[in-house]
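J.: Next comes the sequence, and after it the predicted model I'd like to discuss.
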Amino acid sequence: MLEKTILKNLVKNNDYTKKVLPFLKSEYFSLEEDRIIFEEISKFISKYNTSPPIETLDIELNSLDCPEETMKQINIIISDIRLDTEDSNEKWLIDATEEFCQDKAIYLAMSKCIDIMNGTDKKLAKGSIPNILTNALAISFDPNIGHDYLEASTSRFDYYHQVLDRIPFDLDFFNKITKMGVAKKTLNVALAGTGVGKTLMLSHHSASCLSMGKNVLYITMEIAEEEIGKRIDANLLNISFDDLMILPKDVYDNKIENLKSKTHGRLIIKEYAPTTASVTHFRALLNDLKLKKNFVPDIIFVDYINICMSSRLKPQSGNSYEYVKAIAEELRGLAVEYKVPVFSATQTNRAGFGSSDVELTDTAESFGLPQTADFMFALIVTEDLDKLNQIMVKQLKNRYSDPTKNKRFVIGIDRSKQRLYDLENSAQDNLDRSGQEPEEKDMRSTFKKLKGNSKRKFQL
C-alpha cells in the first residue's frame, strides 16, 4: 500500500518528490509493475525537472514492451492514481518514505551479504560485508540542503579564522606547506623508490608525534614490529643503530624511563603479514585496543598502502588500478570514521625509481591512489644529495595549501639514527626556486611555541 502511495505522490506532489526522489531506488519496489512506473517517473523528472502529468505518464508506460499481465497491473495503478484525490499528510509521508528506504536498503544489503558468503557474488570479498551493512544502516533523509552563500557569511568567516585541530611536524617546511600539520579525516602519502626512506619518514614522524604527547598507532606489513621499534629507539634515544646493539641494559632502561617521563603519549606497533590485512582488520584492532588497553590513537601510520588488502574487492590479476584505488579509499574512509589523520607510503614505478624529478604519474600500480589522497609528496635522493646527507621533498598534491609554493625543498637525513631534520635556509639555494616563497618568517619559532624545541624532540 505504501509503495502505491509513494508512486501517487511522486506524480501529484512536486515538493514531496524533490525531497525524497534522491533516496529512492527502483530495486526498493518489490513488484515489477511498481518498479516500471517508478523508473518512468524518475526518467521524466531527470529530463524535465518536474513530476510527469498523469496523462503523459500513461502514454509513456503504454508505449513500453511489457508482458500483458504486467501492463494490465500498470494500467490499474495509473487509473487509481488518476482517481485518487485524497491528500496525504506530507510530514508523515516523508517520515514513512524514509523508513521504507531504510528497511529496503537493509534487506538488500543482507541479501548481498548472503550472496557473498555463498560465493554467488564473485567480485566482492567477505571483508566488504561490514561496509555494505554500514552504508545501508546510514540511509537517512539529510535535512541539510546546502550552504547559503550570502546568509551564511558570518559562519564562513568564523571558519576561516578558527584554529583547526592538526598534528604538526617537527620539520619547518612541512609545517609551512600544510598550514601547521596534517588534519583529521585525511589520507597523507609519501611516494619514494625502494630504499629511499619511506619507512624512515613514517617512523620519524611517528616518533615526533609520540614526543608531542600524541597516541600513535603504527601498522607495519613490510618490517617486523621489533624492527620498527628499533628505528624509533634510534630516533628518540639519539643513538645510532650500531651503538644501540651494544648499549648496556641498564643504560637502555634509564633512557626509556626518561622518555616515559617526558611524554604522556603512547605508541602501539602492530605487525601483519603482507597482503593479509585490510581496514576490516584495522577496525577490529582499534576496537581491541580501546577495550583492552584504553588506547585511542590520534594518528595512524600504515606501512604501506600497496601491501594492504582491500576489504571490498578480491585481488584481480592485471587490474591494480581499481584494487589499489579501493585500498586508498578504504584507508581514507577509516580516517573519516575514526576522525584521525592516516599517514602512509607508496612505491614509485620503474620510470620514477631513478628520477630526480618524480611526478604523480610515477606512482606505482594505480593512479587512483593520488586521486584519493589529500596530501602527497615525493622523497627524492640523488648522488649529490646523498653525499650531503640530504633528501629532496617535492609536493605532488596538497589540499592544505597551494602546492606550487615551496614545491621543492631539502631536509637533512641521518639514516643511522632514523632522523630527519631542518637545514639552514642556504641549503635551499641550489634548488629550482620557481614557486618558492620568500622567507617571511622563521617557522621554527612558530613550532617552538607548540613544542618547546623544533630541532629535536628529546635528548636522552
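T.: The structure has been received and is ready for your questions.
J.: Where do the helices of the stretch 301-450 of the chain begin and end?
T.: Using DSSP state H, counting those that start in this stretch, the helices assigned to the stretch 301-450 of the chain run over residues 320-338, 350-353, 368-372, 383-387, 443-451.
J.: I meant to write the stretch 1-150 of the chain there.
T.: With DSSP H, counting those that start in this stretch as the criterion, the stretch 1-150 of the chain has helices spanning 2-12, 14-20, 32-48, 54-62, 68-83, 90-118, 129-137.
J.: neighbours of Ser416, just the number please.
T.: Using other Cβ atoms under 10 Å, Ser416 has 14 other residues around it. Every residue, glycine included, has its C-beta placed from N, CA and C.
J.: next one: Leu10
T.: Neighbours of Leu10 using other Cβ under 10 Å come to 25.
J.: I'd like to check which residues are in contact with it.
T.: 16-17, 20-21, 38, 41, 51 (Cβ atoms under 8 Å, 6 or more residues apart in numbering).
J.: hmm, 10 Å instead?
T.: Residues in contact with Leu10 (Cβ atoms under 10 Å, 6 or more residues apart in numbering) are 16-17, 20-21, 24, 37-38, 41-42, 44-45, 51-52, 57, 81, 97.
J.: quick one: it from Glu60, how far?
T.: 14 Å (Cβ to Cβ, to the nearest Å).
J.: Which neighbours do those two have in common?
T.: Common neighbours of Leu10 and Glu60 (Cβ under 10 Å, 6+ apart) are 37, 41, 44, 52.
J.: Now flag whichever of those is closest to Leu289.
T.: The nearest member of these to Leu289, counting by Cβ to Cβ, is Ile41 at 49.4 Å.
J.: Give me the pLDDT value at the closest one.
T.: Ile41 carries a pLDDT score of 93 in this model.
J.: do you know how far the closest residue to it other than its chain neighbours is from Arg399?
T.: Nearest-residue entry for Ile41: Leu10, 5.1 Å, with adjacent residues in sequence omitted and distances by Cβ to Cβ, 6 or more residues apart in numbering. Distance check for Leu10 against Arg399: by Cβ to Cβ, it reads 39 Å.
J.: most remote residue from this protein's center?
T.: Leu83 (51.1 Å; Cα atoms, centre = their mean).
J.: From Ile74, how far out is it?
T.: For Leu83 relative to Ile74 (Cβ to Cβ), the value is 15 Å.
J.: got it, and Pro168?
T.: For Pro168 relative to Ile74 (Cβ to Cβ), the value is 63 Å.
J.: can you check Asp80 too?
T.: 11 Å.
J.: Of these two, give the one with the bigger neighbour count.
T.: The neighbour comparison of Asp80 against Ile74 (other Cβ under 10 Å) goes to Ile74, with 22 against 12.
J.: quick one: contacts for that one?
T.: So Ile74 contacts 32-34, 36-37, 40, 57-58, 61-62, 64, 66 (Cβ under 10 Å, 6+ apart).
J.: The most centrally placed residue in the chain: what's it in contact with?
T.: Centroid check for the chain by Cα atoms, centre = their mean gives Arg332 as the closest residue, at 1.1 Å. Neighbouring residues of Arg332 by Cβ under 10 Å, 6+ apart: 185-188, 279, 342, 372-374.
J.: between those, which is closest to Ser320?
T.: Looking across those and measuring by Cβ to Cβ, the closest to Ser320 is Thr372, at 14.3 Å.
J.: What is the neighbour count of Glu99?
T.: 12.
J.: From Leu202, how far out is it?
T.: 46 Å.
J.: looking at the protein, which helix or strand does the model trust least?
T.: Lowest by mean pLDDT, DSSP states H and E among the helices and strands of the chain is helix 443-451, with a mean of 47.
J.: Please look at Leu27 and Ala109 and confirm they touch.
T.: To be clear, residue 27 is Glu; Leu isn't right here. No - applying Cβ atoms under 10 Å as the test, Glu27 and Ala109 come out as separate, 11.3 Å apart.
J.: So the two - more neighbours on which side?
T.: Counted by other Cβ under 10 Å, Glu27 and Ala109 do not tie: Ala109 has more neighbours, with 19 against 12.
J.: Would you state the predicted confidence (pLDDT) at the residue nearest to that one when sequence neighbours are not counted?
T.: Nearest residue to Ala109, sequence neighbours excluded (Cβ to Cβ, 6+ apart): Ala136, at 3.6 Å. pLDDT recorded at Ala136 is 84.
J.: Then Leu360?
T.: pLDDT at Leu360 comes out at 80.
J.: what about the helices in the stretch 151-300 of the chain?
T.: Going by DSSP H, counting those that start in this stretch, the stretch 151-300 of the chain shows helices at 153-161, 172-177, 198-211, 225-237, 241-245, 249-262, 279-293.
J.: Any chance of a markdown table for these, columns mean pLDDT, mean neighbour count and distance to Asp115?
T.: Below are the helices of the stretch 151-300 of the chain laid out as a markdown table (pLDDT from 0 to 100; neighbours: other Cβ atoms under 10 Å; distance: least, Cβ to Cβ, whole Å):
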| stretch | mean pLDDT | mean neighbour count | distance to Asp115 |
| --- | --- | --- | --- |
| helix 153-161 | 78 | 9 | 44 |
| helix 172-177 | 94 | 21 | 46 |
| helix 198-211 | 95 | 25 | 38 |
| helix 225-237 | 94 | 20 | 37 |
| helix 241-245 | 91 | 12 | 51 |
| helix 249-262 | 92 | 12 | 51 |
| helix 279-293 | 91 | 15 | 18 |
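J.: Minimum distance to Tyr304: which of those has it?
T.: helix 198-211 (6.2 Å).
J.: now the angle from that closest one to helix 249-262?
T.: Using axes from the mean of the first three to the mean of the last three Cα atoms, to 10 degrees, one finds that helix 198-211 and helix 249-262 are set 60 degrees apart in direction.
J.: what angle sits between helix 198-211 and helix 225-237?
T.: With the same axes, to 10 degrees as the basis, helix 198-211 and helix 225-237 are set at 60 degrees to each other.
J.: what about Asp429, neighbour count?
T.: For Asp429, using other Cβ under 10 Å, the count is 8.
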